[in-house]
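Novice: Provided below are the primary sequence and the corresponding predicted coordinates.
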Amino acid sequence: MKTALKILAAIVLLCVVLYAAATVAIYTAMRQTPERFGAFMSHLPGPAMAVLPFKPLWMSARAGALHEGDRAPDFTLPLLHSDRKVTLSAEYRQKPVVLIFGSYT
């Protein structure tokens, strides 16, 4: 009986260690570039998505350092149909600026 309990305890411990390792691996992959994360996810079996805490890991890994109300970091981008560049700080001095990320089509 003691041997069976020891084997069961070893199996449970192994499962916990594998679960933790898989969670750390996915979290580490989420912090990589989208290309590397996509390559990692293409090899992940579908049932793993149901077992591992994907959404909380994603929200933590991709949270970033900015929070609501923080000033956006300064950046310079080229205009689409021009050789001119736009800098956020220069635009902000002239008028309010709204940043829209994503598609609105």
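Specialist: Thanks, I have the structure now.

Novice: in its sheet, what does the helix or strand hosting V86 sit against?
Specialist: Assessed by DSSP states H and E, V86 sits inside strand 85-87. The strands beside strand 85-87 in its sheet (DSSP bridges) come out as strand 76-78 (antiparallel).

Novice: burial check on G46, number of neighbours?
Specialist: The criterion is other C-beta atoms under 10 Å. On that basis, G46 has 6 neighbouring residues. For glycine as for every other residue, the C-beta is placed from the backbone atoms N, C-alpha and C.

Novice: circling back to that earlier point, so what touches the strand holding V86?
Specialist: When contacts are taken as C-beta atoms under 8 Å, 6 or more residues apart in numbering, the neighbours of strand 85-87 outside the stretch itself are D74, F75, T76, L77, P78, L79.

Novice: residues contacting the third one?
Specialist: Residues in contact with T76, defined by C-beta under 8 Å, 6+ apart, are K85, V86, T87, L88.

Novice: same check on the fourth one?
Specialist: With contact set as C-beta under 8 Å, 6+ apart, L77 has these partners: K85, V86.
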